[in-house]
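sequence plus the predicted model coming up.
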There are 4 protein chains.
Amino acid sequence: MTGDGRDGAEHPRRGRPRSERARAAVLDAAAELLLDGGIDAVTMEAIAARAQVSKATVYKWWPTRAHVMLESFFERSRGTLAVDPADSLAEALTKQLLALVQLFRDTCSGPQLADLIAAAQADPDIRAALDQQWLRPRREVALRLLAEAVARGELAPDTDPATAADQLFAPVYHRLMLRHEPLADQLAPTLVRQLLTGLTATR
Amino acid sequence: MTGDGRDGAEHPRRGRPRSERARAAVLDAAAELLLDGGIDAVTMEAIAARAQVSKATVYKWWPTRAHVMLESFFERSRGTLAVDPADSLAEALTKQLLALVQLFRDTCSGPQLADLIAAAQADPDIRAALDQQWLRPRREVALRLLAEAVARGELAPDTDPATAADQLFAPVYHRLMLRHEPLADQLAPTLVRQLLTGLTATR
Amino acid sequence: MTGDGRDGAEHPRRGRPRSERARAAVLDAAAELLLDGGIDAVTMEAIAARAQVSKATVYKWWPTRAHVMLESFFERSRGTLAVDPADSLAEALTKQLLALVQLFRDTCSGPQLADLIAAAQADPDIRAALDQQWLRPRREVALRLLAEAVARGELAPDTDPATAADQLFAPVYHRLMLRHEPLADQLAPTLVRQLLTGLTATR
Amino acid sequence: MTGDGRDGAEHPRRGRPRSERARAAVLDAAAELLLDGGIDAVTMEAIAARAQVSKATVYKWWPTRAHVMLESFFERSRGTLAVDPADSLAEALTKQLLALVQLFRDTCSGPQLADLIAAAQADPDIRAALDQQWLRPRREVALRLLAEAVARGELAPDTDPATAADQLFAPVYHRLMLRHEPLADQLAPTLVRQLLTGLTATR
DNA sequence: CTCTAAACGAGACGGTACGTCTAGTCTTTCA
DNA sequence: TGAAAGACTAGACGTACCGTCTCGTTTAGAG
């Protein structure tokens, strides 16, 4: 679906093999165009021209420009999801959030992802790809951490992990898309503290 | 900015007055097209055709299709922001959130807003209009409620109202845009309870 | 069909009127491209570029490049078919043939017509247009001259005018298309003399 | 030039021999495509697909699609040019013309040749091949017959054989290309009679 | 009632990108 | 080494929508 199709090389395959050079050039071109001129500059025409690749080749492997951007995005953000088992729940969640904040704020993955979420509004394929390949893996790490904490009695038994995960992560996406508040490092610990402790004052 | 320009009718104005029929037809056409065929169906060409209006007339009053959609959106969602002073903090927040959940889930304003946030990624005008005319008024209601609760000692003094507001509202927008979880009524009280009480188990 | 559609201006017409500049520029561009680079250089793309006209405008008025060439050809070769009634049959036929030889040999109408006849092999529209607007009017002049000569006893009563006309004119077209022999002025009187007198030696 | 290159098999040749199956399949495919869908359907792509042959193979042996059609045409129309020495001039010419009329009217060689003459307008290679391998041999038979008749005093000494040949043969090609008159058997004797006798009435 | 000004509909215009097609070339493996 | 498979560059195809423009028409208030 994302055009890589680099399946396990079952047979040596007949015919001329796919050009790795073309593939990489297209993905790079898409990322560069996005940074240079915004989403509207990322046209199939411009991608092909910048990558020195024929339009037909682009269309052969990626059905729409959004699919190019999807693969370009995943290529660049194969970030680690690893959790240090020595960390406390708060530490583990804070690390995940901080990594996300910094990825969105400091790399081209931020605008790329914002544009992909935008494109997902009109294209179910993109929504599905984002969900399966980006969102779900990250949510599942958080959901597992929260469920384990509930199981060992650290969190209240009536905790709704799905909602809790959104209360931690959605604000980061929200600020990426709307920019009503900055994406500061401090956001990560604050999100964790406020949700775990609660806002209600203790006397 | 949104093209209505129905300013205070200083003079009765010379010349033919603006056609209210045309204005309404354009806004309706935009909304209908969005529901019928998604954001990609909302082209200036299609709006003009469906509204039985000349393209020049559309361009005269709205610079881009996003501005048409903006005005169409605001026309339909002049929801109340009123807070009943008799309500507790939790009640007031829950009511606001529930209204938002139901607006997003049950009316055409949901997809409209999702598409506007998408369009905002490429158009600063739209981002600004959304911020000023939609997001900010709603945030300020919530921020005032939270600040007052801190002031009267109901909430912890180290509460960050901006982050707290995002922890309440961002999940709703997140589910609107990504659809990884449903927008259920139950979401509203859960968001409020978990944030105010905190997740940490009390022995 | 040929895109002129300059009907008798029944009503003053609504909307922006068709640009005569664009029409002329397209027809000129087509003729120039043909002379510069042959038929293969006459692409819709190149016509639009050379005429400084949008491709959509070209397609709006002419369905294929052959139709552009048709109109371009007719625009340039509204030659006279007039016959001087004082001329003898041989003189009249010779004048018509000589004009054709010189048109084919000395103007851009020669290659244009050759390409149009070529295009007619694949496109019935072009064949019909050529037949009605070019070939038939010229044939009818010759057929009338021949029929009148038969009627007044100048030509043999078993004369087949259709075949005779082809024996006069087809050689000119044949040399235009195949170039196995040159298109010399001398060809015109020779064709007339040989057909009228016959080749058979008189003792 | 036409890609057959089946030279006299001097040595047994090294390597895998050329596939006769591929050669025949390509020529057949070209002829079939022409009849099915007209000249525009005869693309290298379609020829290769229909012949179950790789595009590279087609390009290896024929430089353009016109060359494929040329060879396909010659393959099917190796008609005899033999002249019966017992025939009179008129009989010999009529037989040649009648064979041509029937070939054009009743076999697929008619449209094939029309398309080749069309293609010759844009491609000098095709023009040259047509001239040398088709047109010239046939013209030379006619020119020899005419020259011999002049030599033995049967035809007028001022006869121009080249023009006379065109007055006999060009009408047949003209009707093939333009279709303004049908290709009837009767055309052959009429052409000969009118040219040899002349149209002028004898008292 | 006429004049004037603005908004209106229709629709042609120069552009840009779309997604498809064919031409040819090139690089593999198979026979 | 030829054939087959198929990826590649190059560029024209015809379409859609963009935003602008030029018309003639309509609808008011001003004179």
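Everything's here; your move.

okay, now the closest residue to chain D within chain A: neighbour count?
Taking CB to the nearest CB, chain D has its nearest neighbour within chain A at residue A:15, 10.1 Å off. C-beta coordinates here come from the backbone N, C-alpha and C atoms, glycine included. Residues lying near residue A:15 (other CB atoms under 10 Å in any protein chain shown) number 5.

look up phi and psi at it.
phi 70, psi 170 (degrees, to the nearest 10).

confidence score at it?
Residue A:15 carries a pLDDT value of 82.

and the lowest mean pLDDT element among the helices and strands of chain A?
Sorting the helices and strands of chain A by mean pLDDT, DSSP states H and E puts helix A:124-130 at the bottom, at a mean of 89.

what comes into contact with it?
A:1-2, A:63, A:66-67, A:70, A:116-117, A:119-121, B:178-179 (CB atoms under 8 Å, 6 or more residues apart in numbering or on different chains).

what's the spacing between the residue positioned nearest the centre of chain A and residue A:47?
Nearest to the geometric centre of chain A sits residue A:134, at 4.6 Å (CA atoms, centre = their mean). Note on residue A:134: its distance to residue A:47, by CB to CB, to the nearest Å, is 21 Å.

in chain A, which spans are helices?
With DSSP state H, the ranges of helices along chain A come out as A:20-37, A:44-51, A:55-61, A:65-76, A:89-106, A:109-120, A:124-130, A:136-151, A:161-178, A:187-197.

please render those as a markdown table that adds distance to residue B:145 to the earlier fields.
A markdown table is the format used below for the helices of chain A (distance: least, CB to CB, whole Å):
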| stretch | distance to residue B:145 |
| --- | --- |
| helix A:20-37 | 39 |
| helix A:44-51 | 48 |
| helix A:55-61 | 51 |
| helix A:65-76 | 38 |
| helix A:89-106 | 25 |
| helix A:109-120 | 29 |
| helix A:124-130 | 34 |
| helix A:136-151 | 27 |
| helix A:161-178 | 17 |
| helix A:187-197 | 15 |
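
looking at the ones you listed, which is nearest to residue C:153?
Evaluated with CB to CB, these place helix A:55-61 nearest to residue C:153, the distance being 70.3 Å.

mind showing which ranges of chain A have poor pLDDT?
Along chain A, the parts satisfying pLDDT under 70 run over A:1-12, A:79-80, A:203.

need the residues of chain A near DNA strand F, please.
A:14-19, A:22-23, A:52-57, A:60-61 (CB under 7 Å from any atom of the strand).

what do you get if the cut-off is 10 Å, keeping everything else the same?
With CB under 10 Å from any atom of the strand as the criterion, chain A meets DNA strand F at residues A:3, A:5, A:13-23, A:25-26, A:40, A:45, A:48-49, A:51-61.

separate out the buried members of these.
Taking 16 or more other CB atoms under 10 Å in any protein chain shown as the criterion, what is buried in those is A:3, A:18, A:22-23, A:25-26, A:48, A:51, A:53, A:57-58, A:61.

what is the nearest of those to residue B:196?
residue A:3 (46.9 Å).

give me the number of residues near the closest residue in space to residue A:77 that isn't next to it in sequence?
Nearest in space to residue A:77, with sequence neighbours left out and distances taken as CB to CB, 6 or more residues apart in numbering or on different chains, is residue A:109 at 4.6 Å. For residue A:109, the count of nearby residues is 20 (other CB under 10 Å).

with residue A:138 instead?
As a burial measure, residue A:138 scores 16 neighbours (other CB under 10 Å).

how much space between residue A:33 and residue D:59?
Residue A:33 is 36 Å from residue D:59, by CB to CB.

cool, and residue A:83?
58 Å.

and what of residue A:161?
Distance from residue A:161 to residue D:59, by CB to CB: 63 Å.

for residue A:113, same thing?
Taking CB to CB, one finds residue A:113 at 46 Å from residue D:59.

and residue A:94, by the same measure?
Relative to residue D:59, and taking CB to CB, residue A:94 is found at 64 Å.

hang on, the earlier thing: OK, contacts around the residue nearest to the centre of chain A?
So residue A:134 contacts A:73-74, A:77, A:113 (CB under 8 Å, 6+ apart).

now for the residues you listed, which pair is the farthest apart?
A:74 and A:113 (10.3 Å).

ok, the two, which is more surrounded?
Neighbour count, other CB under 10 Å: between residue A:74 and residue A:113, residue A:113 has more, with 23 against 19.

without its sequence neighbours, what residue ends up closest to the more buried one?
residue A:73 (6.4 Å).

circling back to that earlier point, which one of the contacts of helix A:124-130 is nearest to residue D:142?
Closest to residue D:142, out of all of the contacts of helix A:124-130 and judged by CB to CB, is residue A:63, at 61.2 Å.

neighbours around the closest one, how many?
Residue A:63, neighbours per other CB under 10 Å, totals 15.

repeat that for residue A:43.
What residue A:43 shows, counting by other CB under 10 Å, is a neighbour count of 13.

please name the nearest non-neighbouring residue to it.
residue A:65 (6.6 Å).

again, but for residue A:93
Nearest one to residue A:93, counting by CB to CB, 6+ apart, is residue A:192 at 4.9 Å.

quick one: residues contacting that neighbour.
A:90, A:93-94, A:97, A:168.

could those residues go into CSV alongside neighbour count?
Below are the contacts of residue A:192 laid out as CSV (neighbours: other CB atoms under 10 Å in any protein chain shown):
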residue, neighbour count
A:90, 16
A:93, 27
A:94, 19
A:97, 22
A:168, 25
